[in-house]
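Engineer: here's my sequence, what's the structure:
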Amino acid sequence: MKIEAGLLTRQLAERFGSTGALTYNGRTLSFSELNGAACRVGSGLRSAGLYRGDRVGVLGFNCPELAETWLGLEKHNLVRTLLHSHIDIAANVATMNHVEATGLIFDTRMTDLIEAHRRELANVRLFVAIGPGAPDWATPFEQLLAEGSPEEPFLDVDEDEPCFLQLTSGTTGNPKPWVKTYRSWHAVVNHNMHHLDTFAPGAPSIGPQDVNLHFHPLQWATGFLTFYPYMLRGARTVLVDDEAFDPEVLLDTIASEEVTGTLVPASLLTPLLDAVAARGRYEHQLRRMVIVFGTPDILRRATDLLGPVWAHGFGSSEQGGVTTRLLPTELEGHPERAESVGRGGSPFFDVAILNPVSGQRLAPREIGEIAVRSPMSIGSYWGLEEATRAAYFENDWFRPRDLGYVDDDGFVYYAGRAGEEIQVAGTVVYPHHVEAQILGQPAVKNCAVVGLGADASAELVAAVELKDPTGASSELEAEILARCAASGQRSPDRVVFVDELPAVLGGAKVQRKVLRDQLMARTRA
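Structural biologist: The predicted structure is shown next:
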């Protein structure tokens, strides 16, 4: 079926016009202004020599130009390729070459990085720079806008054409570009709107009264999950530059902008809650806080300090939605569910636990691969046919490569990434279970558990990053080991305190292979 590319953005301008749509550093763009800028961006790129269907890399920090670029590319049938600012530039260059991208839009704070690798970008013929000090080999973003047209393009596309490429997080190797078609993207938006509308029994649907905050990279989960749903209801979006994270600035922004919704990785929620606790009293309007990578202790602490305003979300880069979610109300009478990641986030989503080899459905409480199926699942890895085939079981079950089990009520319990389980002394250890216990120690900022050595003599090691100004000590190590033992989990053989874990996305995902290599080198030294 044919659809209009970027229809949603045009409709927003028609419905909400001069209403505030996007706030950044005290300046607010209306829905009409945002749509006009999107038209200018897309037409400017086309006038500069890009063609419909061309892939365009986008590498930047949260700012209005980033949002205008997103919407403009979609309206003009240019396939945005969402590059990650948290990974090595060489990986982004490899992605650009793999998808044969012809354009790159980047923040001028990354000019030196781009300059060093510019000649490696085999197919790029247009560079556009966001911010002051654009190099002479790039078109300034303001010039692109000035040369573009505010007229609506009214481009018809097949709904199964690529809309954008979402990269996986790159924790186990170079990110893989997942194709989101216009059809599967609309399914993502619908799923997330239902999820946000049903956040709590009796709560109103999201609407113009809401304010949605993005302080984590818009190009990752926060933009994928919540940017469109809030905008489609006329809510205002607030962007905070994500180059650095400051919990005090964030708390001030939440209060002053009367923010009602945001997405927070648990690794950043901990310092945020520490800042709330230090203030003693904190007035806020939060009603919908999506937490990812949480633990029972973090969820309980969030309730104590901010109220039952959260949903613990679980998903994958390929899906684009909070595929399952746990709500505070679902813990009533069932405190054990705090260990779970909840149930499907909408009626249009199916989840099952399948045998990794046979693909057969497993019984409740049997650990296997978490598999999902919904209109969001339609897609493929760009130019990676073998990886795409391996990404599905029979009957269109997508496999995010996560392990877990379901209980009798359909709640999903996450065990960890497939392939990360550790064989120690003849037993299988799931690192996520041990890490959840360690993270409950108040002095711990982040941690990761890995196995070192061969299976027969493998050693379970916990790498622990501490909060400032806590110092490492044998007493703290003993407390951590005792906490694991008391929970019934396999205790690490030893604890190694590190200054910083190798992680991406603000500590949300630890690069375990890199950590294992670092610990092995430390052991040899």
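
Engineer: which residues in the stretch 51-200 of the chain form helices?
Structural biologist: Using DSSP state H, counting those that start in this stretch, the helices of the stretch 51-200 of the chain run over residues 64-75, 89-98, 111-117, 141-147, 182-197.

Engineer: out of the ones you listed, which is closest to S256?
Structural biologist: Among the helices of the stretch 51-200 of the chain, helix 64-75 comes nearest to S256, with 18.4 Å by CB to CB. All C-beta spots, glycine's among them, are computed from the backbone N, C-alpha and C.

Engineer: so for the closest one, mean pLDDT?
Structural biologist: What helix 64-75 shows for mean pLDDT is 98.

Engineer: packing partners of that helix?
Structural biologist: helix 7-16, strand 20-24, helix 31-47, strand 55-59, strand 79-82, strand 126-130, strand 162-167, strand 236-239 (3 or more CB pairs under 8 Å, 6 or more residues apart in numbering; DSSP states H and E).

Engineer: just send the ones you listed back as JSON lines, with mean pLDDT and mean neighbour count too.
Structural biologist: As requested, those are exported to JSON lines (pLDDT from 0 to 100; neighbours: other CB atoms under 10 Å):
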{"stretch": "helix 7-16", "mean pLDDT": "97", "mean neighbour count": "18"}
{"stretch": "strand 20-24", "mean pLDDT": "98", "mean neighbour count": "21"}
{"stretch": "helix 31-47", "mean pLDDT": "98", "mean neighbour count": "23"}
{"stretch": "strand 55-59", "mean pLDDT": "98", "mean neighbour count": "25"}
{"stretch": "strand 79-82", "mean pLDDT": "96", "mean neighbour count": "25"}
{"stretch": "strand 126-130", "mean pLDDT": "98", "mean neighbour count": "23"}
{"stretch": "strand 162-167", "mean pLDDT": "95", "mean neighbour count": "24"}
{"stretch": "strand 236-239", "mean pLDDT": "98", "mean neighbour count": "24"}
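
Engineer: just how off-centre is stretch 383-395 within its chain?
Structural biologist: Computed by CA atoms, centre = their mean, to the nearest Å, the separation of stretch 383-395 from the middle of its chain amounts to 22 Å.

Engineer: same check on stretch 373-388?
Structural biologist: With CA atoms, centre = their mean, you get 18 Å for stretch 373-388.

Engineer: quick one: Q219 and V58 touch, right?
Structural biologist: Yes: using CB atoms under 8 Å, Q219 is in contact with V58, at 6.9 Å.

Engineer: need the overlap of contacts for the two.
Structural biologist: Between them, Q219 and V58 share these contacting residues under CB atoms under 8 Å, 6 or more residues apart in numbering: 66, 82-83.

Engineer: nearest residue to W397 other than its sequence neighbours?
Structural biologist: Spatial nearest neighbour of W397, excluding adjacent residues (CB to CB, 6 or more residues apart in numbering): A371 at 4.0 Å.

Engineer: repeat that for E500.
Structural biologist: E465 (6.1 Å).

Engineer: and the gap between the one you found and A275?
Structural biologist: If you measure E465 against A275 using CB to CB, to the nearest Å, the figure is 18 Å.

Engineer: what sits against T23?
Structural biologist: 29, 236-239, 257.

Engineer: for stretch 518-525, buried residues please.
Structural biologist: Residues of stretch 518-525 classed as buried by neighbour count (16 or more other CB atoms under 10 Å): 518-519.

Engineer: what's the spacing between it and its chain's center?
Structural biologist: Remark: stretch 518-525 is offset 31 Å from the chain centroid, using CA atoms, centre = their mean.

Engineer: neighbouring contacts of that stretch?
Structural biologist: In contact with stretch 518-525 (CB under 8 Å, 6+ apart) are residues 450, 452, 461, 463, 496, 498, 502.

Engineer: can you redo those residues as CSV with distance to D197?
Structural biologist: Putting the contacts of stretch 518-525 into CSV (distance: CB to CB, whole Å) gives the following:
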residue, distance to D197
V450, 40
L452, 47
V461, 44
A463, 40
V496, 45
V498, 42
P502, 38
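
Engineer: D493 contacts V461, correct?
Structural biologist: Yes: at 6.6 Å, D493 counts as touching V461 under the criterion of CB under 8 Å.

Engineer: between those two, who's got more neighbours?
Structural biologist: Between D493 and V461, V461 has the larger neighbour count (other CB atoms under 10 Å), namely 24 against 16.

Engineer: what's near enough to touch that one?
Structural biologist: Counting by CB under 8 Å, 6+ apart, V461 has contacts 449-452, 492-496, 519.

Engineer: what's across from it in the sheet?
Structural biologist: When bridges are called by DSSP bridges, V461 pairs up with V450, R494.

Engineer: re earlier: among the contacts of V461, name the buried ones.
Structural biologist: 449-452, 492-493, 495-496, 519.

Engineer: what does the worst-scoring helix or strand of the chain on mean pLDDT contact?
Structural biologist: In the chain, no helix or strand scores lower on mean pLDDT, DSSP states H and E than strand 503-504, which sits at a mean of 81. With contact meaning CB under 8 Å, 6+ apart, strand 503-504 is reached by 84, 86-87, 169-171, 267, 446, 509-511.

Engineer: mind putting the residues you listed into CSV with neighbour count?
Structural biologist: Listed next are the contacts of strand 503-504 as CSV, based on neighbours: other CB atoms under 10 Å:
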residue, neighbour count
H84, 20
H86, 16
I87, 19
S169, 19
G170, 21
T171, 19
S267, 24
N446, 23
K509, 19
V510, 23
Q511, 20
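
Engineer: pull the most distant pair out of the residues you listed.
Structural biologist: Across the contacts of strand 503-504 (CB to CB), the longest gap, 18.9 Å, separates H84 and N446.

Engineer: in contact with G57, which residues?
Structural biologist: 81, 83, 92, 95-96, 101, 103-106, 124.

Engineer: closest to G333 among those residues?
Structural biologist: Of those, the one sitting nearest to G333 (CB to CB) turns out to be L83, at 45.5 Å.

Engineer: so the closest one sits against F61, correct?
Structural biologist: No: in this structure, L83 is not within contact of F61 by CB under 8 Å, at 11.8 Å.

Engineer: and these two? Which one has more around it.
Structural biologist: Neighbour count, other CB under 10 Å: between L83 and F61, L83 has more, with 26 against 21.

Engineer: excluding covalently adjacent residues, which one is nearest to the more buried one?
Structural biologist: With sequence-adjacent residues excluded and distances taken as CB to CB, 6+ apart, L83 is closest to L59, at 4.2 Å.

Engineer: helices or strands up against the one helix or strand I480 maps to?
Structural biologist: For I480, the host element (DSSP states H and E) is helix 474-487. Where contact means 3+ CB pairs under 8 Å, 6+ apart, helix 474-487 is packed against helix 431-438, strand 459-466, strand 494-498.
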